[in-house]
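Asker: Let me see the structure of the following:
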Amino acid sequence: MLREQDVGHRIVVRRRVGLRAGRPVYADALGELVELTETHLTLATRKGRLRVPMADVHRAKRVPAARRPTAAAVVEVELAADEAWPAPTRERLGDWLLRAADGWTGRANSALPVGDPDRPLPAALDRVERWYAERGQPALVNTPLPLAAPVGAELDRRGWSSRPPVLVQTAPIASLTGPGSRTNGQPGTTGGPAAGGAGGPVVRLTVAPSADWLAVAAGRKGGLPAAARHVLTAVDQVRFAHVYADGTLVAIGRGTVTGQGRWLGLCLIEVLPAARRQGLAARLVGALADWAAETGATHAFLQVEQGNVPAVALYQNLGFTTHHTYLTRVAPLTNHQPAPI
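Answerer: Numbers count the residues shown, from 1 in each chain. Modelled structure (predicted):
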C-alpha cells in the first residue's frame with residue numbers, strides 16, 4: 001500500500017466502483033497522488049481530481065513517471081535553483097559546487113554534485129568532508145535523483161544518513177499568470193499596507209524585503225543571520241511579495257529569475273495561520289509569475305518536502321508537477337569533526 005512518501009508521485013489505484021451480479025466491479029485510475037489520509041486518497045488525473053475512500057481501494061502502488069527528465073534538464077533546474085539561493089561562501093570542485101552560509105538552510109550549506117568533480121568519486125567526497133570540517137560545519141550533499149544515484153550509492157557505503165525527500169516541481173509560467181494575481185504596480189516601493197480591491201487583497205512586490213517580511217521569514221526559518229540576508233537578496237532579479245490585511249502583514253513570498261532568464265524560482269510562500277484558506281498563496285504565486293513573465297521567464301520551479309502534504313496539494317492545484325527529487329545526505333557525526341592539527 002501507499003505511504004506518505006508517495007505523495008507527489010505517480011500512482012495507479014484499483015478501486016471498487018460498484019457491484020454486478022453480486023460481485024464487486026473494479027476500475028483503475030492513474031495520476032499523481034496529492035493527498036493521503038487514513039480515510040481517503042486523492043490523485044490528480046488527466047480528467048481532474050479523483051477522491052477515493054480507502055475502504056474502496058483494492059490495490060495501490062507507485063509507478064514510474066510518464067517520462068523522466070534528461071540529465072541536462074535536471075542540471076539546468078539545479079543550477080537555476082543554486083543561482084536563486086546563493087551561498088556567500090562558495091568553491092568549485094571541478095563542476096561540483098561547495099556552499100556554506102553559516103549553517104542557514106540545507107540548500108545553502110551543502111555540496112551540489114552535478115557534473116564532473118575532476119577526480120575519482122571517493123576522492124571528491126573526501127574533499128567535501130574536509131571542506132566542511134575546515135568550517136566547523138556538518139558535511140551535507142544534495143543528491144538530485146536519479147542523476148546523482150552513483151554519489152548516493154557511495155554515500156550509502158560510507159554510512160551517510162538522509163533527510164526527508166524533497167520534490168523539485170515545475171510549471172509553465174503561462175499557467176500561473178492571470179488577473180487573480182493583482183499587484184500594485186511599482187516594484188521599487190517598500191513597506192506599508194496595500195489597498196485591496198473587489199477581487200481581493202493586493203500583492204505588493206518590492207525589490208528589497210521589508211522589516212515585516214523579514215520577521216515572518218525569520219519565524220519560519222528560525223532566525224536570519226547575516227549570511228541569510230545574502231542568500232535572500234544577492235540575486236540580480238528578485239522580488240519580495242507582501243499581502244497586508246488591516247495593516248498587518250499576513251502573507252509573504254519570494255521570487256527570483258535565474259537560469260539565463262528562463263526560470264522563476266519560488267520560495268518562502270508563507271501565509272499566517274489566521275489568513276489561510278483564502279487563496280492568498282495562489283495570489284502570491286500569480287503575482288510573482290506575472291512579474292517573471294514580464295522579464296521573459298517561461299517556466300517556474302519550487303522545492304517542497306515530500307511529506308508536506310498540504311503544500312504539495314496546493315502546488316498541484318496550481319499546475320506544478322514533479323520534475324525530479326533530491327535527498328540531502330548527512331555525514332556521520334565522526335565526519336563532522338575537524339581533523340586534529
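Asker: what pairs with Leu145 across the strands?
Answerer: For Leu145, the beta-bridge partners are Thr325 (DSSP bridges).
Asker: Also Arg20?
Answerer: When assigned by DSSP bridges, Arg20 has beta-bridge partners Arg23.
Asker: need the helices for the stretch 51-200 of the chain, in chain order.
Answerer: With DSSP state H, counting those that start in this stretch, the ranges of helices along the stretch 51-200 of the chain come out as 71-84, 121-134, 149-158.
Asker: tell me the angle of the last one relative to helix 121-134?
Answerer: By that I understand helix 149-158. Angle, helix 149-158 to helix 121-134, by axes from the mean of the first three to the mean of the last three Cα atoms, to 10 degrees: 70 degrees.
Asker: Which positions within helix 149-158 qualify as buried?
Answerer: 151-152, 154-155 (16 or more other Cβ atoms under 10 Å). (Each C-beta comes from the backbone N, C-alpha and C, glycine too.)
Asker: Determine which two of those residues are furthest apart.
Answerer: Gly152 and Glu154 (7.4 Å; Cβ to Cβ).
Asker: Output stretch 305-322 as CSV - backbone C-alpha positions only.
Answerer: Provided in CSV are the C-alpha atoms of stretch 305-322 (Å, rounded to 0.1, in the frame of the first residue of the first chain):
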residue,chain,number,x,y,z
GLU,A,305,9.3,18.5,1.2
GLN,A,306,7.5,15.3,0.0
GLY,A,307,5.9,14.9,3.4
ASN,A,308,4.3,18.4,3.4
VAL,A,309,1.0,17.2,2.1
PRO,A,310,-0.9,20.5,2.2
ALA,A,311,1.8,22.3,0.2
VAL,A,312,2.1,19.5,-2.3
ALA,A,313,-1.7,19.6,-2.8
LEU,A,314,-1.6,23.4,-3.2
TYR,A,315,1.1,23.4,-5.8
GLN,A,316,-0.6,20.5,-7.7
ASN,A,317,-3.8,22.6,-7.9
LEU,A,318,-1.7,25.5,-9.4
GLY,A,319,-0.4,23.2,-12.1
PHE,A,320,3.0,22.1,-10.7
THR,A,321,4.3,18.6,-11.4
THR,A,322,7.3,16.8,-10.0
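Asker: quick one: buried residues of that stretch?
Answerer: By neighbour count on 16+ other Cβ under 10 Å, the buried set for stretch 305-322 is 306-309, 311-316, 318-322.
Asker: Between the two ends of stretch 200-213, how far is it?
Answerer: Stretch 200-213 has an end-to-end distance of 20 Å (Cα to Cα, to the nearest Å).
Asker: How about stretch 205-216?
Answerer: 16 Å.
Asker: Can you give me the buried ones in that stretch?
Answerer: Those would be 205-206, 209-210, 212-214, 216, for stretch 205-216 by 16+ other Cβ under 10 Å.
Asker: Please convert the helices of the stretch 51-200 of the chain to a markdown table, extending it with distance to Gly94 and mean pLDDT.
Answerer: Shown next, in a markdown table, are those (distance: least, Cβ to Cβ, whole Å; pLDDT from 0 to 100):
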| stretch | distance to Gly94 | mean pLDDT |
| --- | --- | --- |
| helix 71-84 | 14 | 97 |
| helix 121-134 | 7 | 97 |
| helix 149-158 | 13 | 93 |
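Asker: Most tightly packed of those helices?
Answerer: Ranked by mean neighbour count under mean count of other Cβ atoms under 10 Å, those are led by helix 71-84, which reaches a mean of 19.
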